[in-house]
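# sequence-free structure coming up:
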């Protein structure tokens, strides 16, 4: 079975979605002739035409505003935001219109819009090109928010997001675009809004998503050499959060570390820690610990490796949890 990169898996997933439904459109800056800055939409305009793969002006608010009108007329727009930090001009459209129109119209106007956002650091870029704004969207009622971590999930989850009648903010970890995995298209995909245990363990539960799943798995391998067993859960969906596998794991281990690239202050880890405290308080043997980016704007690329959470910072949190 051939291996496939995450970028190519997304391309193939978008192609499958467009073949299955003629109302699916792709919109964004350089998504057509160039195929996107990360080449995720490469070849799609050639195969589906300029009316379905649309090169837009450099105006994120215009991209999302146009998508709202298209969705109201029965289309399923997939909007690419070129880099995570470029989404803010469209933030008003996403929060004020995309998230609310279905509710505001008493269900008459669904908003089947997917907003694809490459996110996170690790590619030697600067601020506005290496940010993690996921908590801002997860906090907005009316939006679904997911974050893929591997090529297999990328292939299936983009199709599931496009088929959803709810607006989905779809985060793609840009530093994982070129990592490979085997993809078996005959295997039934797991539901879109579900978390999953990706490594079983007994001592500490490590909760993460997107680019940090690989880091957490590397930490689990390193911890096993010291006789510690880490259970790693890929949350996959940030809104709604699927807490079932999380609660089951916490009741087993009693120790929890939440890991994400975004700053710790008011990040996803805070919400997850609160929910665990509410539902699993008597199973906890230590406070829920968080590992994330520092509370500063994204730094220059030459020092980003000191900013990003790494294996050592995850293992340090594991040690502190087990020391309680």
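Perfect, I can see it now. Quantities reported herein were computed from a predicted structural model and do not represent experimental measurements.

# centroid-nearest residue for the chain?
residue 147 (1.5 Å; CA atoms, centre = their mean).

# contact partners for that residue?
Counting by CB atoms under 8 Å, 6 or more residues apart in numbering, residue 147 touches 119, 134, 171, 172, 173, 209, 210, 235, 236, 237, 238. C-betas here are computed from N, CA, C, even on glycine.

# so residue 141 sits right up against residue 102, yeah?
No - applying CB atoms under 8 Å as the test, residue 141 and residue 102 come out as separate, 11.0 Å apart.

# host element of residue 181?
Assigned by DSSP states H and E, residue 181 belongs to strand 180-182.

# quick one: the strands in the stretch 51-200 of the chain?
Counting by DSSP state E, counting those that start in this stretch, the stretch 51-200 of the chain has strands at residues 53-55, 76-80, 114-119, 144-147, 168-173, 180-182, 196-199.

# possible to save the ones you listed as CSV with distance to residue 268 and mean pLDDT?
Output for the strands of the stretch 51-200 of the chain, formatted as CSV (distance: least, CB to CB, whole Å; pLDDT from 0 to 100):
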stretch, distance to residue 268, mean pLDDT
strand 53-55, 32, 98
strand 76-80, 23, 98
strand 114-119, 12, 98
strand 144-147, 9, 98
strand 168-173, 11, 98
strand 180-182, 24, 95
strand 196-199, 17, 98
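
# give the other helices and strands that the strand holding residue 181 contacts.
strand 3-5, helix 151-163 (3 or more CB pairs under 8 Å, 6 or more residues apart in numbering; DSSP states H and E).

# which parts of stretch 276-284 are buried?
276, 280, 283, 284 (16 or more other CB atoms under 10 Å).

# do you know which of the helices and strands packed on strand 180-182 lies nearest residue 292?
helix 151-163 (21.7 Å; CB to CB).

# mind checking how far that closest one is from the chain centre?
11 Å (CA atoms, centre = their mean, to the nearest Å).

# circling back to that earlier point, which pair in the buried residues of stretch 276-284 spans the largest distance?
Taking CB to CB, no two of the buried residues of stretch 276-284 sit farther apart than 276 and 283, at 8.8 Å.

# before we move on, back to that, is it possible to get CSV of the contacts of residue 147 that adds distance to residue 52 and neighbour count?
Shown next, in CSV, are the contacts of residue 147 (distance: CB to CB, whole Å; neighbours: other CB atoms under 10 Å):
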residue, distance to residue 52, neighbour count
119, 25, 26
134, 28, 26
171, 24, 27
172, 21, 27
173, 27, 27
209, 31, 28
210, 28, 27
235, 32, 25
236, 28, 25
237, 28, 22
238, 29, 27
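
# list the buried residues of the least confident helix or strand in the chain by mean pLDDT.
Counting by mean pLDDT, DSSP states H and E, the weakest-scoring helix or strand in the chain turns out to be helix 304-307, with a mean of 92. Applying a neighbour-count criterion of 16+ other CB under 10 Å, the buried positions in helix 304-307 are 304, 307.

# nice, that's everything, thank you.
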